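Student: For reference, the sequence and a predicted model appear below.
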Amino acid sequence: MAIKNIKDFSDKARSDAALKEQLAACMKVREVIALAQANGFDFIEDELYPPNEPQFTADQLSERMAKALLRA
């Protein structure tokens with residue numbers, strides 16, 4: 001269920017320009033989680049990392065967050 005919350009948050013960030021900007025400005029995982037929670041999505045940090053499939057794309061994240069969350 002939590003992976004679905006991450007995907008739903010990612011999808012909302014794709015369609016909401018303001019949220020997209022806020023997500024791209026996040027430099028720490030806890031900032032991503034806080035932003036998600038402020039928008040009604042609940043998940044924990046461990047669910048963002050492999051072996052779970054990435055739910056974000058590089059263009060949605062800051063360079064730092066892309067390196068952390070999208071590594072193989």
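Tutor: Looks like it arrived, so ask away.

Student: only C-alpha atoms for contact and neighbour calcs from this point on.
Tutor: Will do.

Student: now for the helix ranked longest in the chain, which elements pack on it?
Tutor: Scanning the chain for the longest helix, with DSSP state H as the assignment, gives helix 2-15. Packing partners of helix 2-15 (3 or more C-alpha pairs under 8 Å, 6 or more residues apart in numbering; DSSP states H and E): helix 17-25.

Student: try it again with 10 Å
Tutor: Under the contact definition 3 or more C-alpha pairs under 10 Å, 6 or more residues apart in numbering; DSSP states H and E, helix 2-15 sits against helix 17-25, helix 29-38.

Student: ok, and for that helix, which residues are buried?
Tutor: If you call a residue buried by 16 or more other C-alpha atoms under 10 Å, then helix 2-15 has these buried ones: Ile3, Asn5, Ile6, Lys7, Phe9, Ser10, Ala13, Arg14.

Student: Redo those as a markdown table? Include pLDDT and distance to Pro54.
Tutor: Shown next, in a markdown table, are those (pLDDT from 0 to 100; distance: C-alpha to C-alpha, whole Å):
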| residue | pLDDT | distance to Pro54 |
| --- | --- | --- |
| Ile3 | 89 | 9 |
| Asn5 | 94 | 12 |
| Ile6 | 95 | 9 |
| Lys7 | 95 | 9 |
| Phe9 | 97 | 12 |
| Ser10 | 96 | 10 |
| Ala13 | 97 | 15 |
| Arg14 | 96 | 15 |
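
Student: can you tell me which two in the residues you listed are farthest apart?
Tutor: Distances among the buried residues of helix 2-15 were taken as C-alpha to C-alpha; the most separated pair is Ile3 and Arg14, at 16.7 Å.

Student: Please report how far the nearest residue to Phe43 once chain neighbours are set aside lies from Phe9.
Tutor: Sequence neighbours aside, Ala2 is the residue nearest to Phe43 in space, at 5.3 Å (criterion: C-alpha to C-alpha, 6 or more residues apart in numbering). As judged by C-alpha to C-alpha, to the nearest Å, Ala2 and Phe9 stand 11 Å apart.
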